[in-house]
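Turn this into a structure:
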Amino acid sequence: MTKIKTYCDANVLITASKYQYNKYLKILDDPNREFVSSIFVKLETLPKAHFHGYNKQVDFLETFFEYVTIWPKAQDLELISNNALELAKEYDLNAIDALHLACAIHLNCNEIFSQEKLTKPMYSVPGIKIIHINH
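As a prediction, this is how the structure comes out:
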């Protein structure tokens, strides 16, 4: 059986690491999913948690990143960044949303989970299914 290639936006991981909501944990514990991530997600999640000494949050995030099976290759980061720039220009995306979308598309993800408001332009980008999740 083919697993669902899933990219989690940083906001989903931050909320899951802080509050441990069941619906978030069900997604993260789903054996039918293969998780994809990037250095961009790490940069959005780990530094603040480390700096402020949120050890449980850091442990949660580091455990999640250990289970990620697909990461972009270093040599692909320039291509991903250029694609993000084009997406940002075409769909009026902010920089980090564009990087996440470009990375997920580049790595052939089936879906992205995000907490971004449904009015954000990221939901208009074709080629990737974005699933809104809230707490």
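
For the lowest-mean-pLDDT helix or strand in the chain, list every residue counted as buried.
Among the helical and strand segments of the chain, the one scoring lowest on mean pLDDT, DSSP states H and E is helix 22-28, with a mean of 89. For helix 22-28, a neighbour-count test (16 or more other C-beta atoms under 10 Å) marks Tyr24, Ile27, Leu28 as buried. (Glycine included, C-beta is placed from N, CA and C.)

who's in contact with it?
Counting by C-beta atoms under 8 Å, 6 or more residues apart in numbering, helix 22-28 makes contact with Thr6, Cys8, Val12, Thr15, Ala16, Arg33, Phe35, Phe64, Phe113, Ile133, His135, all of which sit outside it.

Please repeat the previous calculation with a cut-off of 10 Å.
By C-beta atoms under 10 Å, 6 or more residues apart in numbering, the residues outside helix 22-28 that reach it are 6, 8, 12-13, 15-19, 21, 29, 33, 35, 60, 63-64, 67, 113, 115, 131, 133-135.

Now, those residues that are in helices?
Applying DSSP state H to those, the entries found in helices are Val12, Leu13, Thr15, Ala16, Ser17, Lys18, Tyr19, Phe60, Thr63, Phe64, Tyr67.

Need the nearest residue in space to the third one, chain neighbours excluded.
What that stands for is Thr15. His135 (5.9 Å; C-beta to C-beta, 6 or more residues apart in numbering).

repeat for the last one
Among residues not flanking Tyr67 along the chain, Phe35 sits closest, at 5.9 Å (C-beta to C-beta, 6+ apart).
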